[in-house]
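> Got a sequence here, can you model it:
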Amino acid sequence: MLIQIKGPSILSDYEATGTLSETSRKLLVKIGVSDLVERRGFYPSSDDKLLLAKSVITLFPSMKMKMGEENEGFEHFYDPVSHNGFIEIKLRNLRRNLHDSQRRYRRKRATTTDPCLHPVSITLRMPAGREEESSMEWMAVIKRMKPSDENFSTIRLGMEKTYTSRRFWIANNSPTVEEIFQQYPHFIDMPYLLDLEFEKMYPGRSDLFLQKWEGSVVPKLLRMATMKENPTVLASASESDEPCLRALQMLTYLLPPTASGRGKGWTKCSVKSAISYILDIKPSETDSSSLMGSSPDRVVENHQPHLICFGQPSSTAQYIIVAEKDKVAIPLEDNSLTCAIDKLFKMYCICNLAYPAQLTSVFNFFEHLYDMPISGGKRSKVVELIARLQAML
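Coordinates of the predicted model:
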């Protein structure tokens, strides 16, 4: 067997752990693609690449990643529909060094499609005349109502009555966060309305992140951080540190910003600073009014909505969602970082926002936890991580 000759460490890794580390997976793809190029050239057929992908899954069953009915489990190695995956990526990298006379195709300009834009997967229809008129009336009513327990049932009813026109408006007009919250200000002062809106958009999925993240994903990510293949990125953490924060740090390490596919909003970003695009930790005495402007001590300039934690993340920390560009701040009542991440993701979906370009893969991983289709074309690393986590007992 070719692997026994050129990559015996791959078999040893699989026998010891029941899965493949990223290092072993890269070596496996390198060996397989090198053999494929030797036999079929730099432009093997789709059938050849498909056969290689299926062979990998046959040899290493735990690397199979089947999500619902949308795939067969080998697509993160090669997807014949999107022509993506680890095998295709390796072939493209090899072809970069080819002489022009060896190339089969001319290079194309990159498209302007933004792969980070969150896809709204709900059926939308234009409200009828009377329905639109009723929505406008309800909008006027709930905007005048003060947020309180006494008014909650009326505000909730008003949000339900205006749901269809709101979703149609957001999907078709692409309003800014500021414009959305000007029309529906109770998303800010009653943030649990974000949960209700998300549940209506994606029935039965609102609580999935809360169920899966701390119960299953966080312990496994922390275990992965101790494996010898990973640098000691969490070595300085103590037992008192917030496990959710440490897991989030590990996730940004495993799904780091990439130089490929730089889209709108991309700025150079290190793995260490990547977490700042989702969570910024401030001293507890920080004046919240100062967060809307630029600051010389800010690690990154973040134009997308993100979390700010006052003090070190703990059971007593205070979190707010901040969209600096839109001058919007949403104080969260929950003191849990897990709940804060849950609210932030739901806000992205509800407002139909593009994910931060630096953390697209991290947000794609969150999509999986909500049982949502993983958006974008570059999802192989995400699917590989999911397979590795599922293989861990």
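> At which residues are the strands of the stretch 201-350 of the chain located?
Applying DSSP state E, counting those that start in this stretch to the stretch 201-350 of the chain gives strands spanning 279-282, 306-310, 318-323, 328-331.
> where are the low-confidence patches of the stretch 201-350 of the chain?
Across the stretch 201-350 of the chain, residues meeting the criterion (pLDDT under 70) sit at 228-241, 258-269, 288-302, 315.
> in it, which spans are helices?
Assigned by DSSP state H, counting those that start in this stretch, the helices in the stretch 201-350 of the chain fall at 208-212, 218-225, 243-254, 271-274, 337-350.
> Ok, which of these comes nearest Glu88?
Proximity to Glu88 (Cβ to Cβ) singles out helix 243-254 among those, at 21.1 Å. For the C-beta atoms, the positions are set from N, CA and C on the backbone; glycine is no exception.
> How far off centre is that closest one?
Centroid separation between helix 243-254 and its chain, computed with Cα atoms, centre = their mean, to the nearest Å, is 13 Å.
> try stretch 376-390
Relative to its parent chain, stretch 376-390 has a centroid offset of 11 Å by Cα atoms, centre = their mean.
> how about the residue nearest to Leu28 when sequence neighbours are not counted, what does it touch?
Nearest non-adjacent residue to Leu28, counting by Cβ to Cβ, 6 or more residues apart in numbering: Ile10, 5.3 Å away. Contact analysis of Ile10 by Cβ atoms under 8 Å, 6 or more residues apart in numbering lists 3, 20, 24, 27-28.
> So what's the residue count around Ile180?
Neighbours of Ile180 under the rule other Cβ atoms under 10 Å: 22.
> okay but it is in contact with Asn352, surely?
No: using Cβ atoms under 8 Å, Ile180 makes no contact with Asn352, being 9.1 Å away.
> okay, and the common contacts of those two?
Shared contacts of Ile180 and Asn352, defined by Cβ under 8 Å, 6+ apart, comprise Ile170.
> Can you verify the residue nearest to Leu28 is assigned to a helix?
Yes: Ile10 forms part of a helix when assessed by DSSP: H, G, I helix; E, B strand; the rest coil.
> So Val218 versus Pro44, what's the distance?
In this view, Val218 and Pro44 are 40 Å apart by Cβ to Cβ, to the nearest Å.
> hang on, the earlier thing: could you export the contacts of Ile10 as a markdown table, including distance to Gly158 and pLDDT?
As requested, the contacts of Ile10 are arranged in a markdown table below (distance: Cβ to Cβ, whole Å; pLDDT from 0 to 100):
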| residue | distance to Gly158 | pLDDT |
| --- | --- | --- |
| Ile3 | 62 | 84 |
| Leu20 | 52 | 87 |
| Ser24 | 55 | 90 |
| Leu27 | 58 | 93 |
| Leu28 | 56 | 93 |
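> tell me which of the residues you listed is nearest to Asp334?
Leu20 (37.2 Å).
> on that earlier part again, inside helices: which ones of the contacts of Ile10?
3, 24, 27-28 (DSSP state H).
> Let me know the closest of these to Glu88.
The closest of the ones in helices among the contacts of Ile10 to Glu88 turns out to be Leu28 (Cβ to Cβ; 14.9 Å).
> Tell me, how many residues neighbour that closest one?
Neighbours of Leu28 (other Cβ under 10 Å): 24.
> Contacts only, for it.
Neighbours of Leu28 in contact, by Cβ under 8 Å, 6+ apart: 3, 7, 10, 20, 56, 60.
> Let's see that with 7 Å instead.
Leu28 sits next to 7, 10, 20, 56 when contact means Cβ atoms under 7 Å, 6 or more residues apart in numbering.
> could those residues be laid out in a markdown table, adding distance to Asp287?
Formatted as a markdown table, these follow (distance: Cβ to Cβ, whole Å):
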| residue | distance to Asp287 |
| --- | --- |
| Gly7 | 56 |
| Ile10 | 54 |
| Leu20 | 49 |
| Val56 | 54 |
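> Of the residues you listed, grab the buried ones for PyMOL.
To isolate the buried ones among the contacts of Leu28 in PyMOL, judged by 16 or more other Cβ atoms under 10 Å, type:
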select buried, resi 7+10+20+56
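> what two of the contacts of Leu28 are the furthest from one another?
Across the contacts of Leu28 (Cβ to Cβ), the longest gap, 12.1 Å, separates Gly7 and Val56.
> Could you report the separation of the closest residue to Asp342 other than its chain neighbours from Leu194?
The shortest distance from Asp342 to any non-neighbouring residue, by Cβ to Cβ, 6+ apart, is to Phe209 (4.9 Å). To Leu194, Phe209 is 13 Å away according to Cβ to Cβ.
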